[in-house]
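Asks: any chance you can model this:
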Amino acid sequence: MEVEGLGLVQPGLKVKHPVFGRGKVFKLAIFDSGERTIGVQFRSHGEKWLVPEYAKLEKSLW
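Replies: Purely as a prediction, here's the structure:
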């Protein structure tokens, strides 16, 4: 899935979120409505499903 500001997002991509910290993408979902979500396993906050347009995710190198 292509996400503005992140580029190609796929499982295994390491990301950083301003509240949840660092995590790794584990799954992508695209619904019939067109809504897209990214499943991220965060180190300190567990699994979260985020809407990429609002999530403020950045690529991370950790």
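Asks: next up, the contacts around residue 30.
Replies: 1, 36 (CB atoms under 8 Å, 6 or more residues apart in numbering). For the C-beta atoms, the positions are set from N, CA and C on the backbone; glycine is no exception.
Asks: host element of residue 16?
Replies: Using DSSP states H and E, residue 16 sits in strand 14-17.
Asks: could you identify the helix or strand that succeeds that strand?
Replies: Next along from strand 14-17, by DSSP H and E: strand 21-30.
Asks: ok, what's across the strand from the residue lying closest to residue 42 once chain neighbours are set aside?
Replies: Spatial nearest neighbour of residue 42, chain neighbours left out: residue 23 (3.7 Å); criterion: CB to CB, 6 or more residues apart in numbering. Beta-bridge pairing of residue 23, defined through DSSP bridges, involves residue 15, residue 42.
Asks: report how many residues lie close to residue 23.
Replies: Counted by other CB atoms under 10 Å, the residues lying close to residue 23 total 26.
Asks: how about the strand holding residue 16, which residues are buried there?
Replies: The neighbour-count check on strand 14-17 (16 or more other CB atoms under 10 Å) flags 15, 16, 17 as buried.
Asks: paired strands for the lowest-mean-pLDDT helix or strand in the chain, with orientation please.
Replies: None of the helices or strands of the chain scores lower by mean pLDDT, DSSP states H and E than strand 2-3, at a mean of 91. Strand 2-3 pairs in its sheet with strand 7-8 (antiparallel), by DSSP bridges.
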